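In: need a structure here:
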Amino acid sequence: MGLQPNIALVSAMDLDRLSTEGLHPEAAGLHDRSALEIARLINAEDAKVARAVEGELPRIASLIDLVAERLAGGGRLFYVGAGTSGRLGVLDASECPPTFGVEPEMVQGIIAGGEQALVRSVEGAEDDAEAAARELQARGCREKDIVIGISASGRTPYVIGALRWARARGIAAAAIACNRPAEHDAYADVHLNVVVGPEIVAGSTRMKAGTAQKMVLNMISTGAMIRLGRVRDGRMVHVRATNVKLRERATRMVMDTAGVDRQRAEAALERAGHNVRAALDILQE
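Out: Below you'll find the model as predicted:
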């Protein structure tokens, strides 16, 4: 029996019950307002996002611990989403190797429609619940991994398919949505519901919902990496110094942490292949 939901039924659902689809009370006459008025209104709405995220901090903390536990045990983190949500997952995953010095396979982003969906909308891809399951299977997702589904509405078939597939195989599953309750909560061990309310442009969840999702993903990956010792005293001591900016950052970190001058820091980094942790170890010899 496949995972494909009744797409006709999903499509026929009353979207008005979702706060992310509602019409914002300040939107009347929006098209006649000045650029400054529009900017102020959007800014005022964006200011509400951090408060909405704050309400989910205990659950976010639980998810940080769960992710750190899986990664410490040799597992991997898979973000799964469609559209803006999928792109944010890929973005967060792609930043982990240069920031924390981990292998690209440790944190992976999966987006409905594949790589082409990163730069151009792939219509209908989010409705294929089987596709996400196939992708997870192709990447060898297993029990020691964790799957995090991201969907502003909380009802995206692609994401639900991924969570159902994971749960059926004993793989830890978590879900992030901007509605409460969300349909995919039922398929998650941990679910976050960051309710930011209607968008200034109804249904345009690339706005507040997208901002909330990015904040949460930043917390999850950064928090897990801190728990794994990939950060020391607020410094990214596992940074991969692959360009001029990062080499300078690495040099300053070694200078500040080890209390040495630039010449000694650069010499240690050269010996260590520009690995900050290794350079610090060299200076302690």
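
In: the strands in the protein, which residues?
Out: Secondary structure of the chain (DSSP state E): strands located at 77-81, 107-111, 146-150, 172-177, 190-193.

In: closest to residue 275 out of those strands?
Out: Comparing the strands of the chain against residue 275 with Cβ to Cβ, the closest turns out to be strand 107-111 (19.7 Å). Using the backbone N, CA and C atoms, a C-beta is placed for each residue, glycine as well.

In: and that closest one with strand 146-150, angle?
Out: Orientation check (axes from the mean of the first three to the mean of the last three Cα atoms, to 10 degrees): strand 107-111 against strand 146-150 gives 40 degrees.

In: what mean pLDDT does strand 107-111 get?
Out: The pLDDT scores in strand 107-111 average 98.

In: just stretch 141-151 next, same as before
Out: Mean per-residue pLDDT for stretch 141-151: 98.

In: quick one: the helices in the chain?
Out: Here the chain has its helices, by DSSP state H, at 7-12, 35-46, 49-54, 57-72, 83-100, 129-138, 157-168, 208-227, 244-258, 262-271, 276-283.

In: quick one, what contacts the residue most central in space within the chain?
Out: Closest to where the C-alpha atoms of the chain average out (Cα atoms, centre = their mean) is residue 217, at 3.3 Å. Shown in contact with residue 217 (Cβ atoms under 8 Å, 6 or more residues apart in numbering): 79, 88-89, 92, 150, 176.

In: tally of neighbours for residue 99?
Out: 18 (other Cβ atoms under 10 Å).

In: next one: the one 10 residues further on
Out: A count of neighbours around residue 109, defined by other Cβ under 10 Å, yields 23.

In: quick check: it touching residue 94?
Out: Yes: contact between residue 109 and residue 94 holds when scored by Cβ atoms under 8 Å: they sit 6.9 Å apart.

In: now do the contacts for residue 230.
Out: Contacts for residue 230 (Cβ under 8 Å, 6+ apart) come out as 100-102, 236-238.

In: repeat that with 6 Å
Out: 100, 238 (Cβ atoms under 6 Å, 6 or more residues apart in numbering).

In: ditto for residue 194
Out: So residue 194 contacts 52-53, 56, 178, 212 (Cβ under 6 Å, 6+ apart).
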